[in-house]
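Student: here's my sequence, what's the structure:
(chains A and B)
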Amino acid sequence: MSSTNDDQSHSAGKVHCGAEFYKDKTAGLAEPGDFAALGESAARSAKKVNELSAEIPGWQDWRQTAHEIKEYAISNLDKLLVEFERNISARGVEVLYAKDAEEANRLVIDIAKKHNVKNIVKSKTMVSEEMALNHALADEGIRAVETDLGEYLVQLADERPTHIVTPAIHLSAEDCGRLFADKLDEPYTAEHKELTDIARRHLREEYLKADMGISGVNFAMADTGTIAIIENEGNAGLSTSAPPVHVALMGMEKIIPGVEYLPIFLHLLGRSGTGQKLTSYTHLIHGATPGRKMYLVILDNGRTNDLADPNTRSSLGCLRCGACLNNCPVYQRAGGWAYGWVYPGPIGSIITTQLLGFEKAGKLPFASSLCGACSEACPVKIDIPHQLVHLRKRIVNETSSVSKLAEGLMWKGWAFAMGGPLRYRLTMKAVRIGSSLAKFLPWHPLQLGAWTRGREIPKATGPAFRDRWKKKQKQQK
Amino acid sequence: MIKQTSCSPSKWEYPKYEPGDPVALFVPCYTDQFFPEAAEATAELLRRQDIPVVFPEKQTCCGQPAFNSGYWDEARKVVRQFCDAFEPYKWVVGPTGSCAAMARVFFEQVDPEPRIAEIGRRVCEITEFLVEVLGVTDTGASYPHKVTMHIGCHTRRELGVVDPCHTLLNSVRGLEYCPLPDIEECCGFGGTFSVKMPGTSLSMGRTKVENVIASGADVLVSPDSSCLMHIDGIMRRDPRAKHIQTKHIAEILVANE
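Tutor: Prediction:
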């Protein structure tokens, strides 16, 4: 699998998410190769988190409570957003709304131009990835540097994150050493401490020369008008406080009703994301410090599609902890890029599909065996596999293509064949003949060929159960 | 009855079984055709508990393949056929956790008609029925082999049926249980998933096979023949796993070796 660092992938307008998954049909079998390290690392993280949470007696109650708080917040988003805006703007923060990525980019660029900004430091924000903000800024001649270590590495490599919490999970220490040698002219090293020292030294200069800092928002508390940003590296603290202007980017679903509801999410997010009891830093920002300017851009970008669908609405409660990615056997093998956009993994298959629409992302909900490891791990109990199946239904009903036409006919035929015992018997006779002949054929058509490349087809060794049963009943009489 | 979600299935509230109540045997389509021994063992397990067993001949399929593929209109037709077949029976039991989950958890999503959801909720997986409904903890079987077990994800996470499988397997005389590493992981079958994304599915299946080999078992059992079909299909191609047999758990629970 190759990285999708070409220009196409940066603009949501051209992506066809999930196409990567279908390559294995034509280009041989997708073996875990490139992403073996990612898969192992994700699985290790999942195990650690699952062990940690199993030790907490109230874990399931926490999840349920968090789920209900998010459910309440999402159902009352209209009121809570207004309350939040009123409270945070009362302390001098300018609140702006953007309908889509393009509008949000324009708002940020306008702010940057107004303040004559040339250099920006950014702490981790998934919303800015949605906007492809760095590229929009670069087009205006404004330089934005990622300061989260993982994001910094990915930016230096001109790649895209493969994970929402650990963006460079696919890079080894050796990869990082080569990257620093190549891009920063540093002597090669694969020592972790030396690598972080290099990054720290380079990033420190960036903070000092930055005219503006951009951050994301983890939680927005309506009652006090406070935003919470949690992090481990101190880079969000510096990005939001060192430069004279701070722009916070926030998806409109990040609202929680009040500050009293924050602790449970902090408990859940640190543990689910990285297996920490609490992240190293929790910043509560109530407004701009004197002499500095703060803006908050609240983004819709398709979230209202999700809000409008009662069956997937709860996916808006996602904390972006990455637990579902780490636990997902498909993600572990395919890596983040295969999902084609900003949000990979099981939750990405819901969010991306709702945000970008079925035409662009309609393949993603099918990239799951529906095993449910994701929803078991989700700290806010999003019933991911159920939502994926619901989306599959909507995609089947609401989109059309030639291949779908053929598939639809196949299922119609299947429903007819399963519509009565006699039809069932005839169909199964054909299936049995087919499966016993299959091994003599040198080549298997279509999907069957893909199956048999790696697996034997089951053999029917004797009469079907229902025939055996009938015979037995007759003998007993 | 309470609603279940995949997030953490709540304890299912089972109705009380009255002695003499007939049980309708539900046999999934692939089991009917390819694994009839699993269905026969299930019928035998019920008979040994003095339960009258009937096999409604109108049954065909639970509708899950179309449901999971997004073709709910087609699934609904088959779900109705299922419900017509089983409507007369208070108890429906089968050698499958996955199809039982389809009936119990998903029928109500596919069809708003209350009758459909109600019939769907009658369906039980066989080990679940024996342990949770009848209170059986020993089927009197003996099977002196090294055995490991994979529980399908629908059985594990949608039905929450894990303990009954272990309870009954533990009671089998002579059986040496070999724990399966990463037992909770999906085998990669996922029905049409294995057809739509055969490469990813195969990679997951191979991991499962590695773990089965690592367990040291000679026999892999499961409450789901569908997972076994997938895992077995891969093991037949792997020289290190060719000696490992796959069997439905019901076959072990009636064994007398």
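Student: residues in contact with stretch B:57-68?
Tutor: Applying C-beta atoms under 8 Å, 6 or more residues apart in numbering or on different chains, the contact partners of stretch B:57-68 are A:370, A:389, A:392, A:411, A:414-415, A:418-421, A:424, A:466, B:26-29, B:72, B:74-79, B:81-82, B:84-86, B:98-99, B:102-103, B:106, B:110, B:190-193. Any C-beta I mention is one placed from the backbone N, CA and C, and that applies to glycine too.
Student: where helices are concerned, which of those residues count?
Tutor: Of the positions in the contacts of stretch B:57-68, A:389, A:392, A:411, A:414-415, A:421, A:424, A:466, B:29, B:72, B:74-79, B:81-82, B:84-86, B:98-99, B:110, B:193 sit in helices, assigned by DSSP state H.
Student: among those, the buried ones, what's the PyMOL command?
Tutor: Buried residues among those (16 or more other C-beta atoms under 10 Å in any protein chain shown), as a PyMOL selection:
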select buried, (chain A and resi 389+392+411+414+415+421+424+466) or (chain B and resi 29+72+74+75+76+77+78+79+81+82+85+86+98+99+110+193)
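Student: count of residues packed around A:Ala430?
Tutor: By the other C-beta atoms under 10 Å in any protein chain shown criterion, the neighbourhood of A:Ala430 contains 10 residues.
Student: nope, A:Ser75 is what I was after
Tutor: The number of residues packed around A:Ser75, counting by other C-beta under 10 Å, is 13.
Student: okay, buried residues for stretch A:109-120 please.
Tutor: Counting neighbours by 16+ other C-beta under 10 Å, one finds that the buried residues in stretch A:109-120 are A:109, A:111-112, A:117, A:119-120.
Student: ok, now stretch B:13-23?
Tutor: Going by neighbour count (16+ other C-beta under 10 Å), the buried part of stretch B:13-23 is B:17, B:23.
Student: how far off centre is it?
Tutor: The offset between the C-alpha centroid of stretch B:13-23 and the centroid of the whole chain comes to 20 Å, using C-alpha atoms, centre = their mean, to the nearest Å.
Student: repeat for stretch A:138-151
Tutor: Relative to its parent chain, stretch A:138-151 has a centroid offset of 21 Å by C-alpha atoms, centre = their mean.
Student: buried residues in it, which are they?
Tutor: Applying a neighbour-count criterion of 16+ other C-beta under 10 Å, the buried positions in stretch A:138-151 are A:142-151.
Student: in CSV: the residues you listed, plus secondary structure.
Tutor: Compiled in CSV, the buried residues of stretch A:138-151 are given as follows (DSSP: H, G, I helix; E, B strand; the rest coil):
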residue, secondary structure
A:Ile142, coil
A:Arg143, strand
A:Ala144, strand
A:Val145, strand
A:Glu146, strand
A:Thr147, coil
A:Asp148, coil
A:Leu149, helix
A:Gly150, helix
A:Glu151, helix
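Student: name the nearest of those relative to B:Gly233.
Tutor: B:Gly233 lies nearest to A:Gly150 out of the buried residues of stretch A:138-151, by C-beta to C-beta, at 39.1 Å.
Student: out of the buried residues of stretch A:138-151, which is nearest to chain B?
Tutor: Distance to chain B across the buried residues of stretch A:138-151 (C-beta to the nearest C-beta) is lowest for A:Gly150, with 24.9 Å.
Student: wait, isn't A:Gly345 in contact with A:Ala323?
Tutor: No: the pair A:Gly345 and A:Ala323 does not pass the contact test of C-beta atoms under 8 Å, sitting 9.3 Å apart.
Student: which residues are in contact with both of these two?
Tutor: Common neighbours of A:Gly345 and A:Ala323, using C-beta under 8 Å, 6+ apart, are A:Cys374.
Student: quick one: buried residues of stretch A:126-138?
Tutor: For stretch A:126-138, a neighbour-count test (16+ other C-beta under 10 Å) marks A:126-134, A:136-137 as buried.
Student: which of those fall within helices?
Tutor: A:126-131, A:133-134, A:136-137.
Student: please convert these to TSV, extending it with pLDDT and distance to A:Asn87.
Tutor: Converted to TSV, those look like this (pLDDT from 0 to 100; distance: C-beta to C-beta, whole Å):
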residue	pLDDT	distance to A:Asn87
A:Met126	95	24
A:Val127	97	21
A:Ser128	97	24
A:Glu129	94	28
A:Glu130	95	26
A:Met131	96	25
A:Leu133	97	26
A:Asn134	96	31
A:Ala136	97	30
A:Leu137	97	29
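Student: how about the residues you listed in a markdown table, adding distance to chain B?
Tutor: Supplementary listing: those in a markdown table, determined by distance: C-beta to the nearest C-beta, whole Å:
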| residue | distance to chain B |
| --- | --- |
| A:Met126 | 23 |
| A:Val127 | 26 |
| A:Ser128 | 30 |
| A:Glu129 | 24 |
| A:Glu130 | 26 |
| A:Met131 | 30 |
| A:Leu133 | 32 |
| A:Asn134 | 31 |
| A:Ala136 | 34 |
| A:Leu137 | 36 |
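Student: ok so, going back, now tabulate the buried residues of stretch A:138-151 in CSV and tack on distance to A:Asp185 and pLDDT.
Tutor: Written out in CSV, the entries for those read as follows (distance: C-beta to C-beta, whole Å; pLDDT from 0 to 100):
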residue, distance to A:Asp185, pLDDT
A:Ile142, 24, 97
A:Arg143, 18, 97
A:Ala144, 21, 97
A:Val145, 16, 97
A:Glu146, 19, 97
A:Thr147, 20, 97
A:Asp148, 22, 96
A:Leu149, 19, 95
A:Gly150, 21, 95
A:Glu151, 21, 96
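Student: domain ranges for the chain?
Tutor: As the question left the chain open, I've gone with chain A. Residue ranges for the domains of chain A, per automatic domain parsing: A:7-45+A:305-399, A:76-301, A:405-476.
Student: wrong one, chain B
Tutor: Here the domain parsing of chain B from automatic domain parsing is B:23-133, B:146-253.
Student: most centrally placed residue in the chain?
Tutor: Picking chain A for this. The central residue of chain A, meaning the one whose C-alpha is nearest the mean C-alpha position (C-alpha atoms, centre = their mean), is A:Tyr343 at 2.7 Å.
Student: nope, chain B
Tutor: Within chain B, the residue whose C-alpha comes closest to the C-alpha centroid is B:Thr96; the distance, by C-alpha atoms, centre = their mean, is 2.1 Å.
Student: residues in contact with that residue?
Tutor: B:26, B:28, B:31, B:125, B:223-226.
Student: state the distance from it to B:Gln64.
Tutor: Using C-beta to C-beta, to the nearest Å, one gets 10 Å for the distance from B:Thr96 to B:Gln64.
Student: the closest residue to B:Pro144 other than its chain neighbours and chain A, how far apart?
Tutor: Distances taken as C-beta to C-beta, 6 or more residues apart in numbering or on different chains put B:Gly174 closest to B:Pro144, at 3.3 Å, once the chain neighbours are dropped. Using C-beta to the nearest C-beta, to the nearest Å, B:Gly174 is found at 26 Å from chain A.
Student: could you do B:Cys29 as well?
Tutor: Going from B:Cys29 to chain A by C-beta to the nearest C-beta gives 7 Å.
Student: report pLDDT for that residue.
Tutor: B:Cys29 carries a pLDDT score of 95 in this model.
Student: list the contacts of it.
Tutor: Contact criterion C-beta under 8 Å, 6+ apart gives A:418, A:424, A:428, B:60-61 as the residues in contact with B:Cys29.
Student: most surrounded residue in those residues?
Tutor: The contacts of B:Cys29, ranked by neighbours (other C-beta under 10 Å): first place A:Met418, 27 neighbours.
Student: quick one: that one and B:Phe82 touch, right?
Tutor: No: the pair A:Met418 and B:Phe82 does not pass the contact test of C-beta under 8 Å, sitting 9.0 Å apart.
Student: okay, and the helix or strand of chain A with the least pLDDT?
Tutor: None of the helices or strands of chain A scores lower by mean pLDDT, DSSP states H and E than helix A:7-10, at a mean of 38.
Student: list the contacts of the helix or strand hosting A:His246.
Tutor: Under the assignment given by DSSP states H and E, the secondary-structure element containing A:His246 is strand A:245-251. The contact list for strand A:245-251 (C-beta under 8 Å, 6+ apart) reads A:104, A:108, A:111, A:115, A:117, A:125-128, A:131, A:133, A:211-217, A:220, A:227, A:229, A:239-240, A:285, A:288, A:292-299, A:301, A:303.
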